[in-house]
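Asks: Pasting the sequence and the predicted coordinates here, then a few questions.
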Amino acid sequence: MTPADEPRPRSILSGGLYVLAAKIFFMVTGLVQQALLPLAIGEAGYGALSRVMAVANILNNVAVSSSTQGVSRATAASQGKERNALRAALRVHAPLALGYGAFMCGLVPLVVAYQRAPHIRIPLLVMAMVLVIYGVYAPLIGYLNGTRSFARQAALDGTAAALRTVGLVGVGWLFASRGGSGVVGATVGGVLAASVVFGVALRWTGTGAPAEATLLPAGPYLAGILPVILAQACTNGVMQADIILLGHYLSASATGADPVKAADEWVAVYRACQLFAFLPYQLLFSVTQVLFPMLAKVHAEGTPADVARLVGKGARLGAIMCGMLVAIVVAMPRSVLAFAYGAKIAARGEDALHHLALAQGLFAMLGLATTVLVSLRREVWAMLVTATTLVLVASLGATLVPTGAFGGEQLVFSARATGIALALGAALAATLVWRLAGAFIPWKTALRVSAAVGLAWLAGGRAPPMGRPLTVCAAIACVAGYVLFLAVTGEIGRAEIGMVRALAKPKTG
């Protein structure tokens, strides 16, 4: 590659902003989707679907991330033979997609037995079809990324999010309203949505051009994406382990006339809490795609001081943004839940969300630290840290959750166990980043952000329930208070204001 052919910083930034906009749209549609599902298929149906998605999302995200990254790198490295590389990649990923689907089908009996939930067997099998489709859809996204077709990639991401919402909610409601299983209907809608967006992607990319087997040898290629597969499995395992464990113990301790329904309804409450608790991680994950695209290059070509400077600035900004979202949620957990789900789920989930939001804020910091480790070519370390955190989440959850009374207390214990595990994992990851890069979140920033979030958390224990308009106003006031606190304590000032103005100023030329 000649210097003229190398991606320019402005082009990379513009592409990152396209993808970031699509991710934000994905977050918004996700909020709408999850808020509508309990209305479409009932609270118990939403809980049962959450059990299904907890397992399916682990495998889906593994398939999508590894395929997208692997094909993107292979395409970018095949100067002048990008379409040949696409055909070669599809020859690898098509059978791999079938393998993913078969693996999930094999897991179904184990998941059903562990969850004590025979009613999720068929939905799990249906979601195996989605996994197969995603397994051949993701390489097409990787091809678009590798050829720097960021606008089309973002358009497909947005289309997929919208279609998924329509499919899950619409078809789920259709089945439920006719006396069928809304959970089965929702998963069928997921299959239809995945099929449509795959068709659109295939029309845009095609299947590539004939390629020799030597262009992308299957063995070395699979070896190259194996670390991504393992890392994604650990990361998504951390995200879903608590709700999988919780579902097991809720089913084991449920009593009454309809214990299955009772357990599913409490799973639904925890899933509602997860939706808001995950927001800092989801936003921060998107931001890291813009903040750290050049870290690997700086690490290879720059000085240790350059690396430390970039890591410190990026980690500081990430901590400030993450703290702002966490502060909003912990300041008014009941009102936030009621905004999307109504008073019943809000009353049941308030205490759990109050703790879970802090826990997932720590998960966002863990994700930030592991992103830095990967950028510094310490992929194995990042994977080991995440795997250790997964073991901690599972072991602490299995220790604490069974000691709680059925329902709300088990949810709170699950949130606390998750928070302790994530605090330990984030501390370990931060220590490794400090040793490697010489910087991470500055200690003054960590103290100020922690203090601001702590004040919001204390206020959240006393905040009265609010209606939707007042919740929006309170959220804005919370952001203003958070920013004011950081400004008064000296964390943000003219430099940050100037940076925001520079980003907002239209570019010319």
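Replies: Right, received. Where do you want to start? Numbering: from 1, shown residues only.

Asks: what stretches of the stretch 301-450 of the chain score poorly on pLDDT?
Replies: Judged by pLDDT under 70, the stretch 301-450 of the chain has its weakly predicted residues at 301-302.

Asks: and the longest helix seen in the chain, what does it pack onto?
Replies: For the chain, the longest helix by residue count, based on DSSP state H, is helix 218-253. For helix 218-253, the elements it packs on are helix 43-76, helix 82-115, helix 259-277, helix 343-375, helix 379-400, helix 408-437, judged by 3 or more C-beta pairs under 8 Å, 6 or more residues apart in numbering; DSSP states H and E. Where C-beta positions appear, they are placed from N, C-alpha and C, glycine not excepted.

Asks: list the buried ones in that helix?
Replies: 221, 225, 228-251, 253 (16 or more other C-beta atoms under 10 Å).

Asks: likewise stretch 474-484?
Replies: For stretch 474-484, the neighbour count (16+ other C-beta under 10 Å) marks 474-475, 478, 481-483 as buried.

Asks: Out of the residues you listed, which sit inside helices?
Replies: 474-475, 478, 481-483.

Asks: okay, these in a markdown table with pLDDT and distance to Arg271 next?
Replies: Output for these, formatted as a markdown table (pLDDT from 0 to 100; distance: C-beta to C-beta, whole Å):
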| residue | pLDDT | distance to Arg271 |
| --- | --- | --- |
| Ala474 | 91 | 24 |
| Ala475 | 92 | 21 |
| Cys478 | 92 | 24 |
| Gly481 | 92 | 29 |
| Tyr482 | 93 | 27 |
| Val483 | 91 | 31 |
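
Asks: Return the member of these nearest to Arg164.
Replies: Proximity of these to Arg164 (C-beta to C-beta) peaks at Ala475, which lies at 25.9 Å.

Asks: That closest one touches Ala327, doesn't it?
Replies: No: counting by C-beta atoms under 8 Å, Ala475 does not reach Ala327; the two are 9.8 Å apart.

Asks: returning to that earlier point: for the helices and strands packed on helix 218-253, which one sits closest to Val28?
Replies: helix 259-277 (12.0 Å).

Asks: gap between the closest residue to Gly224 other than its chain neighbours and Val64?
Replies: Leaving aside its sequence neighbours, Gly224 sits nearest to Gly70 (C-beta to C-beta, 6 or more residues apart in numbering; 6.5 Å). The spacing between Gly70 and Val64, counted by C-beta to C-beta, to the nearest Å, is 11 Å.

Asks: any shared contact partners between the two?
Replies: Shared contacts of Gly70 and Val64 (C-beta atoms under 8 Å, 6 or more residues apart in numbering): none.

Asks: Of the two, give the one with the bigger neighbour count.
Replies: Neighbour count, other C-beta atoms under 10 Å: between Gly70 and Val64, Gly70 has more, with 26 against 19.

Asks: Can you tell me how far the more buried one is from Arg152?
Replies: Here Gly70 is placed at a distance of 19 Å from Arg152 (C-beta to C-beta).

Asks: same question, Gln240
Replies: Gln240 is 30 Å from Arg152, by C-beta to C-beta.

Asks: ok so, going back, so the residue nearest to Gly224 touches Leu226, yeah?
Replies: No: look at Gly70 against Leu226 with C-beta under 8 Å: they stay out of range, at 9.7 Å.

Asks: Can you list the helices and strands that the helix or strand containing Leu140 packs against?
Replies: Leu140 belongs to helix 121-146 when elements are defined using DSSP states H and E. On a contact count with 3+ C-beta pairs under 8 Å, 6+ apart, helix 121-146 meets helix 43-76, helix 82-115, helix 150-166, helix 182-205.

Asks: In CSV: those, plus distance to Arg348 and mean pLDDT.
Replies: Shown next, in CSV, are the helices and strands packed on helix 121-146 (distance: least, C-beta to C-beta, whole Å; pLDDT from 0 to 100):
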stretch, distance to Arg348, mean pLDDT
helix 43-76, 10, 92
helix 82-115, 20, 94
helix 150-166, 24, 88
helix 182-205, 20, 96
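
Asks: Out of those, which one sits most buried?
Replies: With neighbours taken as mean count of other C-beta atoms under 10 Å, the helices and strands packed on helix 121-146 reach their highest mean count in helix 43-76, at a mean of 24.

Asks: Mind giving me the packing neighbours of that one?
Replies: Counting contacts by 3+ C-beta pairs under 8 Å, 6+ apart, helix 43-76 is packed against helix 9-41, helix 82-115, helix 121-146, helix 172-177, helix 182-205, helix 218-253, helix 259-277.

Asks: could you check the angle helix 150-166 makes with it?
Replies: Helix 43-76 runs at 160 degrees relative to helix 150-166, counting by axes from the mean of the first three to the mean of the last three C-alpha atoms, to 10 degrees.

Asks: returning to what we had before: Gly135: which of the helices and strands packed on helix 121-146 is closest?
Replies: helix 82-115 (2.4 Å).

Asks: elements contacting that closest one?
Replies: The contact analysis (3+ C-beta pairs under 8 Å, 6+ apart) places helix 82-115 against helix 43-76, helix 121-146, helix 218-253.

Asks: Now distance to Ala263 too, for these, in a markdown table please.
Replies: As requested, those are arranged in a markdown table below (distance: least, C-beta to C-beta, whole Å):
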| stretch | distance to Ala263 |
| --- | --- |
| helix 43-76 | 7 |
| helix 121-146 | 16 |
| helix 218-253 | 4 |
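
Asks: quick one on the thing from earlier: list just the nearest of the ones in helices among the buried residues of stretch 474-484 to Ala305.
Replies: For those, the nearest to Ala305 is Val483 (30.1 Å; C-beta to C-beta).
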